[in-house]
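> With the input below, show me the fold.
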Amino acid sequence: MNTGHKQRAGGRPARRGLGKLAVWLEDDSPGRLRPLILAVVLTLSAIGLVEVASASSVESVAAGNNPYDLPLKQAMWTVAGVVIMLVLARMPVPRIRKLGWPLLIASLVALVLVFTPLGMSVNGNRNWLSVGGFTAQPSEFAKLSLIVWAAAILDRKQALLGQWKHAVIPLGPAGGLIMFIVALGHDLGTTMIIMMILAATMFYGGVRMKVFSVAGLICAVAALALAATSGNRMGRISSWLGMGSDEDAQGMGYQAQHGAYALASGGWFGVGLGQSRQKWNWIPEAHNDFIFSILGEELGLAGTLLVLGLFATLAVAVFKTIARTTDTFSRIVACSVITWILGQAVVNIAMVSGLLPVIGVPLPFISYGGSAMVSSLAGIGVILAVTRPEGDVPHPPRSRAFRRRRNLPGPAVPSSAPKQAREHAH
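Residues are numbered from 1 along each chain as shown. Predicted coordinates for the structure are as follows:
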């Protein structure tokens, strides 16, 4: 009996149901995984828009503002970020490599401008620019700039990374300068994320582990010094360690405590979308860093697991896609960007759930914030660009003079063309 219809082309038996899903997940070709990356990011962004609308409406009404003001602003920045992501996704890798120095210099200039009259403070952190009614956070864009620039440097220095001075210079001074400027604005959370990004780029670039041991010790001492010199930070750490007083629940530990209440009251499937009770001024600015607690209260454990599953799927898809490339620059950039996004997500979720002290780090794609949304989507666009198959890379049309210099054949002429045209082409 002919069983050919039950066999796959490669000789394996055909799979049905969950078997087809397993085959699809095993396929690590960019043609399958790159659309998956895009779909996951858009899904997370859509969840973020819904939760921002839910979490910010009560405070907006209490302040006498339009309850749709913040969701519309977030939607505007999300659309802008998606456009930037799609533009970057079609950009050739050499052009992205050339953007390293301009992006780094522009980020440093913007970070310094924060301390001029153009800068503004938000909740005690001076890390915002206000120009023409628009506000931006330069430190968010400095993350991607540092990754692209550092990847280009490490790619060029591959043969010299065995020497510690080439592994540290100029990455150490440039990264240290960015962290110093951000820390000068009292933003310890972003400083620690940039520290993690710099370590990730050096790790994926092939820097020896001896350098990490020394750099890790220096960064740990610097982080402890920054925490010890701020009463607000020490109060948050003391509250997290359970060393605060009974009145601390109404002070430093207020936000973290009510965030835990929100997660606990969500149950398995939540109290319903838009039905959160803790957003009624119990959690200050619930649409920012603590939006995961509102999501857990409204959508329950199922909703939080959905978000965690989407981040895990994004990580697997990116790492499986980048495993197929041999280009060092592409590998460093893609791995560093996904480490930044996932690392920041882990820190935020751990902070909300009480595993870490509150340090003010937004949840990528979900927390309110135009700068964070645009920079994160731009990072995904860079990943899509460096993981694009070689046959999919756009090339500009080459002129007749270029083909003559390179001794390349001219454009093919279809056989249906007139005989005179074919002879002219030959």
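
> Buried residues, stretch 283-292. List them.
283, 286, 287, 288, 289, 290, 291, 292 (16 or more other CB atoms under 10 Å). Quick note: C-beta positions are derived from backbone N, CA and C, even for glycine.

> From the chain's centre, how far out is that stretch? Work that out for me.
19 Å (CA atoms, centre = their mean, to the nearest Å).

> What's the local residue count around the residue nearest to residue 81 when sequence neighbours are not counted?
Distance criterion CB to CB, 6 or more residues apart in numbering; nearest residue to residue 81, sequence neighbours excluded, is residue 377 at 3.4 Å. By other CB atoms under 10 Å, the residues close to residue 377 number 25.

> Run through the residues that contact residue 377.
41, 45, 78, 81, 82, 84, 85, 365 (CB atoms under 8 Å, 6 or more residues apart in numbering).

> dump the residue contacts of the nearest residue to residue 178 once chain neighbours are set aside.
Closest residue to residue 178 apart from its sequence neighbours, by CB to CB, 6+ apart: residue 142 at 5.5 Å. Contacts for residue 142 (CB under 8 Å, 6+ apart) come out as 107, 108, 110, 111, 178, 182, 194.

> Which helix or which strand is home to the third one?
The reference is to residue 110. helix 100-113 (DSSP states H and E).

> Now do the buried residues in the next helix or strand after that helix.
Using DSSP H and E, the helix or strand that directly follows helix 100-113 along the chain is strand 119-122. Buried residues in strand 119-122, counting neighbours by 16+ other CB under 10 Å, are found at residue 119.

> tell me which element residue 361 falls in.
Using DSSP H and E, no helix or strand contains residue 361.

> Correct me if wrong: it contacts residue 351.
Yes - using CB atoms under 8 Å, residue 361 is in contact with residue 351, at 6.6 Å.

> Return the distance of residue 92 relative to residue 377.
From residue 92 across to residue 377, the span is 20 Å (CB to CB, to the nearest Å).

> try residue 84
Counting by CB to CB, the gap from residue 84 to residue 377 is 6 Å.

> The stretch 101-250 of the chain: helices as residue ranges?
138-156, 164-168, 171-184, 188-205, 209-228, 231-240 (DSSP state H, counting those that start in this stretch).

> want to try CSV for the ones you listed, with distance to residue 331 and mean pLDDT as columns?
Shown next, in CSV, are the helices of the stretch 101-250 of the chain (distance: least, CB to CB, whole Å; pLDDT from 0 to 100):
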stretch, distance to residue 331, mean pLDDT
helix 138-156, 9, 94
helix 164-168, 17, 79
helix 171-184, 17, 90
helix 188-205, 6, 90
helix 209-228, 18, 73
helix 231-240, 36, 60
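
> need these in CSV with distance to residue 100, can you?
As requested, the helices of the stretch 101-250 of the chain are exported to CSV (distance: least, CB to CB, whole Å):
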stretch, distance to residue 100
helix 138-156, 4
helix 164-168, 17
helix 171-184, 11
helix 188-205, 11
helix 209-228, 21
helix 231-240, 33
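
> out of the ones you listed, which comes closest to residue 373?
helix 138-156 (8.9 Å; CB to CB).

> Give me the buried stretch members for the closest one, please.
Result for helix 138-156 [16+ other CB under 10 Å]: buried residues 138-155.

> Also stretch 163-182?
Buried, per 16+ other CB under 10 Å, within stretch 163-182: 166, 167, 168, 171, 172, 174, 175, 176, 178, 179, 181, 182.

> Which member of these is positioned nearest residue 61?
Distances from residue 61 to those, taken by CB to CB, are shortest for residue 182, at 33.9 Å.

> The closest one against residue 128, yeah?
No - in this structure residue 182 lies outside contact range of residue 128 using CB under 8 Å: 11.9 Å.

> quick one, longest strand in this protein?
Across the chain, the longest stretch assigned as strand under DSSP state E is strand 125-131.

> Outside of stretch 379-392 itself, which residues are in contact with it?
30-31, 33-34, 37-38, 41, 84-93, 96, 143-144, 147-148, 318, 321-322, 324-325, 327, 329-330, 333-334, 337-338, 340-341.

> In ChimeraX, select just the buried ones from those.
Buried members of these, defined by 16+ other CB under 10 Å, are picked up in ChimeraX with:
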select :30,33,34,37,38,41,84,85,88,89,91,93,96,143,144,147,148,318,321,322,325,327,329,330,333,334,337,338,340,341
